[in-house]
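>>> Generate coordinates for the sequence data below:
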Amino acid sequence: MKISAMHASFGARVEEVDLVSLTQRDTDLLHTALLEHGLLAIRNQKLSPADQVRMSEIFGTLETFPPGEGQLADSPQIFRVASRPSNGHTNVGRYWHSDGSFRAQATPISIWYLVARPADGGETLFTDLREAYRTLPDDRKASIDGLITLHRNGVEHPLVIRHAATRDPSLYFNVGLTHGIVGYTNEEFMALRHHLNEHLSRAGASYVHHWLEGDVVIADNFRVAHRATPISMDQHRILDRTTIRADGVFWRDGYSRADASER
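Here you go, the predicted model:
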């Protein structure tokens, strides 16, 4: 397996691996790489829905979706997004977010597999939440440390989180679903929301993934946020997504930074 960094602060390309037939060593390397880089991009895979489920399970226990919500009757672990309503969920996540932040126990990892490639459009943008926090001015850090966000469904999360495995601080903010900040007026919240959105979108901060058929992308949602771009129904794109449960993620079994030196 070959793992190489692909962005200034985050993300890695993984090559010379077959996700259908992973060894324990492969699994260990992918675990370490995800925690080191936050985002892994793997090309040229051929996965059935069952293959995707099995591959995803190396990162932990999968979330499941009710009949109809996930779109695949035989694979409730797969949430399908698409450019056409007949194929899956459309117009999903066109703002900076981490999947599953609306859950009281937020979703730690998302995994996407491209089933159908569009001729044009449909890229996904990713940005490093650890770097977003690091690059804030010190006075801004001091003003937001300890703040609690409110989702539209009432779920609360710290605005600045520490990763359970790495202990690194990150800016954890869902631009579309966050409804307020505890103790803030609506005007104060909207001003902060605008500032944070601009900061996450700052020049040079994003990695743009141009999807190819057979691509797999794996994101640590506590390290990396993503944003979908518009795509016309004239285009044909299908992305199958699996997500890991908070109470079953692999790093609950422990992780040491020393693991990275073994790669």
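>>> and the gap between residue 99 and residue 137?
Distance of residue 99 to residue 137, computed by C-beta to C-beta, to the nearest Å: 29 Å. From N, CA and C alone the C-beta is placed, and that goes for glycine too.
>>> Looks like residue 20 contacts residue 50 (just checking).
No. Checked against C-beta atoms under 8 Å, the pair residue 20 and residue 50 is beyond contact range at 10.0 Å.
>>> wait, isn't residue 144 in contact with residue 160?
Yes. Under the criterion of C-beta under 8 Å, residue 144 makes contact with residue 160 at 6.1 Å.
>>> residue boundaries of the helices in the chain?
24-37, 49-56, 129-134, 138-144, 186-200 (DSSP state H).
>>> for the second one, packing partners?
For helix 49-56, the contact count by 3 or more C-beta pairs under 8 Å, 6 or more residues apart in numbering; DSSP states H and E identifies strand 109-116, strand 238-249 as packing neighbours.
>>> and those strands as CSV, adding mean pLDDT?
Shown next, in CSV, are the helices and strands packed on helix 49-56 (pLDDT from 0 to 100):
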stretch, mean pLDDT
strand 109-116, 97
strand 238-249, 96
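>>> Tabulate the ones you listed (JSON lines), appending mean neighbour count and distance to residue 26.
Listed next are the helices and strands packed on helix 49-56 as JSON lines, based on neighbours: other C-beta atoms under 10 Å; distance: least, C-beta to C-beta, whole Å:
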{"stretch": "strand 109-116", "mean neighbour count": "23", "distance to residue 26": "15"}
{"stretch": "strand 238-249", "mean neighbour count": "21", "distance to residue 26": "18"}
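>>> got CSV for those, with distance to residue 93 too?
Formatted as CSV, these follow (distance: least, C-beta to C-beta, whole Å):
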stretch, distance to residue 93
strand 109-116, 10
strand 238-249, 10
